[in-house]
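In: pasting the structure only:
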Ligand code: PEP
């Protein structure tokens, strides 16, 4: 593997303080730091960010958040600001995840605002897009994805898109490699119309495991993976990384 690859662990609302520290220590000790082409990004719950930031500060691991607010500060009870994420050394933020779109009403417009504020603090947004099953079945998935891209992506010089078909998240169902290839190709050519964008990376997310990672990365030509369930298990995530 000679090109830069991103492996993003989305821990979601999992792992307590001691389990997260154990997992981080195993990742720090692992041999994949010898893989300079690999960017390994850990996205824990907000409350874990300060301690994980401290644990990984001299390591090869990078820190990301699972969300941010679209305003810099103010009367937004229960929210966390981009400024704090920056202070704790977050370099990435996952935005527009389908679970946030579903349970927290994150719309395309909101996602766009969040992308803008993240970029303004030099935190790289990882923007999730993905179609529900019915759009895949009736073959209108590219139109669905195009609308998400159109409405979410602002004028910016670099963007990371995570293609996460909703029907694949946590289900064990993975699209064919040709299908992932088609979408990554489509996303890249569509975003080339945005004259501000100089660098586009496309990740795949949805039921990634050590059994399918090699094929996904090699055959569908994505720039990495966004990994939920498999990122919580030390043996599984280390195996995934060892394959790359
Ligand atoms: C996700 O929710 O971002 C995800 C990819 O989950 P999983 O790997 O568990 O399907």
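Out: That came through, no problem. The structure displayed is predicted, hence computed values, not measured ones.
In: I'd say residue 171 and residue 165 touch.
Out: No: if you go by C-beta atoms under 8 Å, residue 171 and residue 165 don't touch, sitting 9.5 Å apart. Glycine gets a C-beta too; all of them are placed from N, C-alpha and C.
In: When those two are compared, which one has more neighbours?
Out: residue 165 (27 against 12; other C-beta atoms under 10 Å).
In: Next, give phi and psi for that one.
Out: With angles defined as degrees, to the nearest 10, residue 165 sits at phi -60, psi 130.
In: near the ligand, which residues of the chain?
Out: 10, 164, 169-170, 205-208, 226-230 (C-beta under 6 Å from any ligand atom).
In: dump the residue contacts of the nearest residue to residue 198 once chain neighbours are set aside.
Out: Nearest-residue entry for residue 198: residue 157, 4.9 Å, with adjacent residues in sequence omitted and distances by C-beta to C-beta, 6 or more residues apart in numbering. Counting by C-beta atoms under 8 Å, 6 or more residues apart in numbering, residue 157 touches 196-199.
In: State the distance from residue 157 to residue 194.
Out: Distance check for residue 157 against residue 194: by C-beta to C-beta, to the nearest Å, it reads 10 Å.
In: picking up where we left off before, model confidence score at the residue nearest to residue 198, please.
Out: What the model reports for residue 157 is a pLDDT of 92.
In: for residue 31, same thing?
Out: So residue 31 comes in at 67 (pLDDT).
In: can you check the one 4 residues further on too?
Out: Note for residue 35: predicted pLDDT of 84.
In: That one: neighbour count?
Out: Counted with other C-beta under 10 Å, residue 35 comes out at 17.
In: Check residue 229 too.
Out: The local packing of residue 229 (other C-beta under 10 Å) involves 17 other residues.
In: Show me what the helix or strand of the chain with the lowest mean pLDDT is packed against.
Out: One helix or strand of the chain scores below all others by mean pLDDT, DSSP states H and E: helix 213-219, with a mean of 92. Here helix 213-219 touches helix 177-191, strand 224-227, helix 234-243, going by 3 or more C-beta pairs under 8 Å, 6 or more residues apart in numbering; DSSP states H and E.
In: Which stretch among the ones you listed approaches residue 150 most closely?
Out: Minimum separation from residue 150 across these (C-beta to C-beta) falls at helix 177-191, 8.4 Å.
In: Tell me the helix or strand right after the closest one.
Out: For helix 177-191, the following helix or strand on the C-terminal side (DSSP states H and E) is strand 199-205.
In: Run the chain-centre distance for that next one.
Out: Distance of strand 199-205 from the chain centroid (C-alpha atoms, centre = their mean, to the nearest Å) equals 9 Å.
In: Run a quick neighbour tally on the nearest residue to residue 210 once chain neighbours are set aside.
Out: Closest residue in space to residue 210, ignoring its immediate chain neighbours: residue 239 at 4.0 Å, by C-beta to C-beta, 6+ apart. For residue 239, the neighbour count with other C-beta under 10 Å is 15.
In: Show me how far the least confident helix or strand of the chain is from its chain's centre.
Out: For helix 213-219, the separation from the chain centroid amounts to 17 Å (computed by C-alpha atoms, centre = their mean).
In: what's next to it, contact-wise?
Out: Applying C-beta under 8 Å, 6+ apart, the contact partners of helix 213-219 are 1, 5, 174, 177, 180-181, 204, 208, 222, 224-225, 240, 243-244.
In: Of the residues you listed, just say which sits nearest to residue 19.
Out: Residue 19 lies nearest to residue 240 out of these, by C-beta to C-beta, at 18.5 Å.
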